[in-house]
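> heads up, no residue letters with this:
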DNA sequence: TACTGATGATCAGCATACTGACTATATTGT
DNA sequence: ACAATATAGTCAGTATGCTGATCATCAGTA
């Protein structure tokens, strides 16, 4: 394993790079300019409207510092509203706007396609096995990240 | 696949995040401050001293814009020397310094350990299968990246 | 009630990646 | 030889991630 191109860490970086590029290309075809991270945030906020930033970060495994900037940009694009929580003045409550909802729904099928394209180097049986192993491997190292996934309670 | 946490793209992002964190933690234990990208660059330059930046970028699948900054920082840390090529004045020729060589060799075993830790969620049979599928999947989407891997000739 | 610690959010600073544009130099074709 | 094209590298601008620090607010406890 002296060649970095055979090391898991390096392969993951390259795979991630391509995965992001595929996402961008697909989304750009529809005339949108959303990053994978922004999409994930919108999807999670739709599922749990009124969520605060730290909880959101935990549910999609982001760093809490990073999420601030992501939310900033989504608010600027008018996909999100951010308000001070009525019950905790430290917290910011997040909700989708109408535009956010329609955008999310228009993008959903394209994002699905992008996922398939990311796996397109594998045949169907391999895809299933790969996703299973990827989930298991990711779960195994979850706590090593500064931003571990926190399961919904 | 409506939940982003089951989507391959999202899993890859999380896995990559943890992989980088593991690398940093291991390298920091030895008192060094090298990123995975910087390590990969050093390793490749050792294998091919006198390589230019574009070729290096192709061999480890970086963007040519990004590699400039990476090399800058490695030069600043005195691991690398960058000189104008004698045969092509556009090109910059890269070589390791003594310090670069010794650092690379000290880090190598730790980097190996980090790779194993990245896979630690899987049993031995799964690890082999996962790396095989990861290589195949990555190769399948290689051309979608701005920085595809270019095999050595 | 007042103190202490925990928590939500932000800020500054840095490194990786990307896009698009630009400069300088080589190469190719006529 | 000269024009057109290609290539190596850089720069400006933006987004994701990280570290570590700070501020405001909340919650538990003496």
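Ah, there it is. Everything quoted here is computed from the prediction, not taken from an experiment.
> For chain A, which residues score under the pLDDT cut-off?
Flagging of chain A using pLDDT under 70 yields the residue ranges A:1-2, A:146-147, A:151-153.
> So which residue is smack in the middle of it?
Ranked by distance to the mean C-alpha position of chain A (CA atoms, centre = their mean), the top residue is residue A:40 at 3.4 Å.
> So it versus residue A:23, what's the distance?
Counting by CB to CB, to the nearest Å, the gap from residue A:40 to residue A:23 is 10 Å. Heads up, the C-betas are built off the backbone N, CA and C, glycines and all.
> And for residue A:35?
Distance from residue A:35 to residue A:23, by CB to CB: 8 Å.
> which one of the two has more residues nearby?
Using other CB atoms under 10 Å in any protein chain shown as the criterion, residue A:35 and residue A:23 rank with residue A:23 on top: 24 against 14.
> quick check, that one in a helix?
Yes. Going by DSSP: H, G, I helix; E, B strand; the rest coil, the assignment for residue A:23 places it inside a helix.
> if I look at it, how far off is residue A:90?
With distances taken as CB to CB, residue A:23 is found 33 Å from residue A:90.
> Residue A:6 too?
Taking CB to CB, one finds residue A:6 at 47 Å from residue A:90.
> residue ranges of the helices in chain A, please?
With helices called from DSSP state H, chain A shows them at A:8-29, A:36-47, A:53-60, A:64-76, A:98-118, A:124-140.
> wait, which of those is closest to chain B?
For the helices of chain A, proximity to chain B was assessed by CB to the nearest CB; helix A:124-140 is nearest, at 1.6 Å.
> Let me see the contact set for the closest residue to residue A:106 other than its chain neighbours.
Nearest non-adjacent residue to residue A:106, counting by CB to CB, 6 or more residues apart in numbering or on different chains: residue A:30, 6.7 Å away. Neighbouring residues of residue A:30 by CB atoms under 8 Å, 6 or more residues apart in numbering or on different chains: A:106, A:107, A:110.
> neighbours around whichever residue of chain A sits closest to DNA strand D, how many?
As assessed by CB to the nearest atom of the strand, DNA strand D sits closest to residue A:63 within chain A, at 2.7 Å. For residue A:63, the neighbour count with other CB under 10 Å is 12.
> Just want the phi and psi numbers for it.
With angles defined as degrees, to the nearest 10, residue A:63 sits at phi -70, psi 140.
> Leaving out sequence neighbours, find the closest residue to residue A:92.
In space, and not counting its chain neighbours, residue A:92 is closest to residue A:82: 5.0 Å by CB to CB, 6+ apart.
> Is that neighbour in contact with residue A:96, as I believe?
No. Applying CB atoms under 8 Å, one finds residue A:82 not in contact with residue A:96, separated by 11.2 Å.
> The two: which has the busier surroundings?
Here residue A:82 and residue A:96 are compared on neighbour count by other CB under 10 Å; more neighbours surround residue A:96, at 19 against 15.
> Need the contact partners of stretch A:64-79.
Contacts of stretch A:64-79 with the rest of the structure, by CB under 8 Å, 6+ apart, involve A:37-38, A:41-42, A:53-54, A:56-57, A:62, A:80-82, A:92, A:94, A:96-97, A:99-100, A:103-104, A:147.
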